[in-house]
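1. Predicted structure and sequence below. I'll ask about it afterward.
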Amino acid sequence: MKSLKLFVLALTLFTINVSAANLNPIKPTDELRVEIVDLIGSNYLADMEVDQYAAEVLFTVNNDRELIVLSVDTENAQLESYLKRKLNYKKVNHQPGKHGEIYLLPVKMIKQL
């Protein structure tokens with residue numbers, strides 16, 4: 001029984017360590033960032049209630065070169081929905097360097113007068 005508990009503890013620590021290693025997001029390349037900005041567009045800016053919104057988009061690129069949005073961290077639920085709708089499963093020209101790379105893209109939308 002003691003060895004089973006020790007095995008479960010070791011397995012848990014190993015799993016947490018491996019999981020934490022994969023959650024270090026990297027910045028997307030300039031080319032990928034430009035493609036994402038084009039996908040987002042500026043249609044949302046007409047409906048903005050305040051002058052500026054900020055969000056952090058956590059995503060990956062699958063083998064079919066599609067963006068997979070993992071999360072959008074923002075205080076505005078409408079902006080979160082808009083970014084997910086504009087980006088999720090959209091094709092890009094970026095080929096990921098290794099399987100499962102996670103990217104973090106800060107997004108700032110500023111209303112132009």
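-> Perfect, I can see it now. Numbering: from 1, shown residues only.
2. Centroid-nearest residue for the protein?
-> What sits nearest the mean C-alpha location of the chain, by C-alpha atoms, centre = their mean, is Leu58, with 1.5 Å.
3. Give the next helix or strand downstream of the helix or strand hosting it.
-> Following DSSP states H and E, one finds Leu58 within strand 52-61. Heading C-terminal from strand 52-61, the first helix or strand you meet, by DSSP H and E, is strand 67-73.
4. what about this structure, any weak spots by pLDDT?
-> Along the chain, segments meeting pLDDT under 70 span 1-23, 44-48, 112-113.
5. can you pull out the helices in it?
-> Using DSSP state H, the helices of the chain run over residues 2-22, 30-40, 77-87.
6. ok, and what's touching the last one?
-> Under the contact criterion C-beta atoms under 8 Å, 6 or more residues apart in numbering, helix 77-87 has outside partners 36, 39-41, 44, 47, 53, 55, 57, 59, 67, 69, 72, 74, 107, 109. C-beta here means a position set from N, CA and C on the backbone, and glycine is covered the same way.
7. Pull the number of nearby residues for Met109.
-> The tally of other residues near Met109 (other C-beta atoms under 10 Å) stands at 19.
8. which residue packs closest to it, ignoring adjacent ones?
-> Tyr53 (4.7 Å; C-beta to C-beta, 6 or more residues apart in numbering).
9. measure that neighbour to Arg85 for me?
-> Tyr53 sits 15 Å away from Arg85, going by C-beta to C-beta, to the nearest Å.
10. Of those two, give the one with the bigger neighbour count.
-> Neighbour count, other C-beta under 10 Å: between Tyr53 and Arg85, Tyr53 has more, with 22 against 10.
11. No further queries at this time; thank you.
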